[in-house]
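>>> The following block contains a protein sequence and its predicted model.
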Amino acid sequence: LVVESGGGLVQTGGSLTLSCAASGRAFSSYAMGWFRQAPGKEREVVVVISGTGGMTRYVESVKGRCTISRDNVKKTVALQLTSLKPEDTAVYYCAAARWSGVPPTATREYGYWGQGTQVTVSS
């Protein structure tokens, strides 16, 4: 089970931190990812992180504006978003995939999803 929190309304150029709390065992055996879905668009990857936290993969559109981190003791994942743009407006989802090695970016590899949290960036 994964549960997101931290979404909200922010102005262009602002910052936001999203949090994801996971339950269950062997959290470090799971790659974790943040995905987003804007109205009328397909769900897309934002950033993923390996089970150990040693590898991350970012979508090009958020590089330099986004940082993912995880705490395997607390079983949490955080996503820091800065310099937000209106095109970042979407529902953001946290997801987990039992995976070792380079974390996958394909949504089909992630079997556990949160309910999503809305991020709205006003212009």
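Received the coordinates, thanks.

>>> check contacts around V47.
Neighbouring residues of V47 by Cβ atoms under 8 Å, 6 or more residues apart in numbering: 33-34, 56-59, 62, 66, 68, 79. (C-beta placed from N, C-alpha, C; glycine too.)

>>> oh sorry, the question was meant for A22
Here A22 is in contact with 1-3, 30, 32, 75-77, 96, 112 (Cβ under 8 Å, 6+ apart).

>>> ok so, going back, got a winner among the contacts of V47 for most neighbours?
Highest neighbour count within the contacts of V47: G33, with 30 neighbours (other Cβ atoms under 10 Å).

>>> how near is L16 to E4?
The gap separating L16 from E4 is 12 Å, by Cβ to Cβ, to the nearest Å.

>>> So for those two, which sits in the more crowded spot?
Legend: neighbour count by other Cβ under 10 Å for L16 and E4, higher for E4 (23 against 20).

>>> Could you list everything the more buried one pairs with in the sheet?
C20 (DSSP bridges).

>>> Check it and give its pLDDT.
With respect to pLDDT, E4 scores 96.

>>> Am I right that E42 falls within a strand?
No. E42 is assigned coil when assessed by DSSP: H, G, I helix; E, B strand; the rest coil, not a strand.

>>> That concludes my questions; thank you for your assistance.
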